[in-house]
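[1] Model the following, please.
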Amino acid sequence: RKPSRKDYETLFSWATANGATLHGILSKDDNYGGVCLAATTPFAEGDIVAVLPRSFRIGQHVACKRLGLPAGTPDLSALSLYLIDLMASNDDDDDDDSFGRYATCLPRRGSNALFMSQDVIHYYGTLGKDYEKALEAVRNQALSCISYIQDVLSLNGCQHDLSRLEWAISMVQSRTHGFGTKRSRWLTPIFDFANHSETPNCKIQGDAEGRLLLRAIKTIFVGEEVTIDYQVSDDAKLVATYGFSLKHTLTVGSDRT
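    Coordinates of the predicted model:
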């Protein structure tokens, strides 16, 4: 089912009870059929808008530990299987370590290259070779991930429905942030609801305690959408990874929801 408003409220309440500071933001429907973050109080440049504790940074090692995967499992494969496990387990609401509430709030369909119809792929392909190559790269990355899970991890009993795998891979491709010298993938629940902007009003940064801070980089008014920069300057990569373009208006039917 599609996530409900109650699902988001439950997620925010649970996160707050487990160390997150979220009183200055809430989730709301955006103009693109999804969900975004908005300010509930005004913020000045430099203010901390929200805080996630270290435990809310979900990386490859967390997924491998939870699922018993080999330590060398690629982060895309490990985190994709982690999301599938969260969705399948329907974690107990009384479990303070449960991120099942986060998985419940994720879109039920991806919007990146993996879920685009052939008409949409063709449309973007007509815009230039850079779009065609970017779309192909994201789709090939997903196919390689699926092959790894099915062929390599099958020894560990990791057998999953293809459509569920594609959903999870799309979520990880489009919702993770890169941290550390190796720019490894990390799921950052709630902060990943923030939409991209070329002129963002916030940025995500870490602190000495390993927490994630959402910090204002300009004045933010009550009710204003909280946005960040996805750190992708190439429009073709934005289309392929996230399913939207800042330069072109889609003129054919899209699978994006």
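
[2] which residues touch the residue most central in space within the chain?
    By CA atoms, centre = their mean, the mean C-alpha position of the chain lies nearest to residue 175, the distance being 1.7 Å. With contact taken as CB atoms under 8 Å, 6 or more residues apart in numbering, residue 175 is in contact with 106, 187, 192. (Glycine included, C-beta is placed from N, CA and C.)

[3] can I get those residues in a markdown table with neighbour count and distance to residue 48?
    Converted to a markdown table, these look like this (neighbours: other CB atoms under 10 Å; distance: CB to CB, whole Å):
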| residue | neighbour count | distance to residue 48 |
| --- | --- | --- |
| 106 | 22 | 26 |
| 187 | 25 | 21 |
| 192 | 19 | 18 |
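
[4] From residue 150, how far out is the residue nearest to the centre of the chain?
    Going from residue 175 to residue 150 by CB to CB, to the nearest Å gives 23 Å.

[5] And for residue 109?
    Residue 109 is 22 Å from residue 150, by CB to CB.

[6] before we move on, what about residue 59?
    Relative to residue 150, residue 59 is positioned 23 Å away (CB to CB).

[7] do residue 168 as well
    13 Å.

[8] now swap in residue 12 and tell me
    Distance of residue 12 to residue 150, given as CB to CB: 36 Å.

[9] of the two, who's got more company?
    residue 12 (19 against 14; other CB atoms under 10 Å).

[10] Please name the nearest non-neighbouring residue to the more buried one.
    residue 22 (5.6 Å; CB to CB, 6 or more residues apart in numbering).

[11] so where's the stretch 151-257 of the chain shaky on pLDDT?
    155-160, 179-183, 250-257 (pLDDT under 70).

[12] buried residues in stretch 229-246?
    For stretch 229-246, a neighbour-count test (16 or more other CB atoms under 10 Å) marks 229-230, 235-244 as buried.

[13] Contacts for it next, please.
    So stretch 229-246 is contacted by 32, 110-113, 115-116, 124, 127-128, 130-131, 133-135, 137-138, 173-174, 178, 196-198, 200, 203, 247-248, 254, 256 (CB under 8 Å, 6+ apart).

[14] same thing with stretch 65-72?
    With CB under 8 Å, 6+ apart, stretch 65-72 has contacts from 61, 63-64, 78, 81-82, 85, 153, 156, 158.

[15] Please list all residues in contact with the residue lying closest to residue 76 once chain neighbours are set aside.
    Leaving aside its sequence neighbours, residue 76 sits nearest to residue 145 (CB to CB, 6+ apart; 5.0 Å). Residues in contact with residue 145 (CB under 8 Å, 6+ apart) are 74, 76-77, 80, 165, 169.

[16] Out of the residues you listed, list just those in helices.
    76-77, 80, 165, 169 (DSSP state H).

[17] Dump those to CSV, plus neighbour count and distance to residue 219.
    CSV is the format used below for the ones in helices among the contacts of residue 145 (neighbours: other CB under 10 Å; distance: CB to CB, whole Å):
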residue, neighbour count, distance to residue 219
76, 21, 37
77, 26, 42
80, 29, 38
165, 21, 43
169, 28, 38
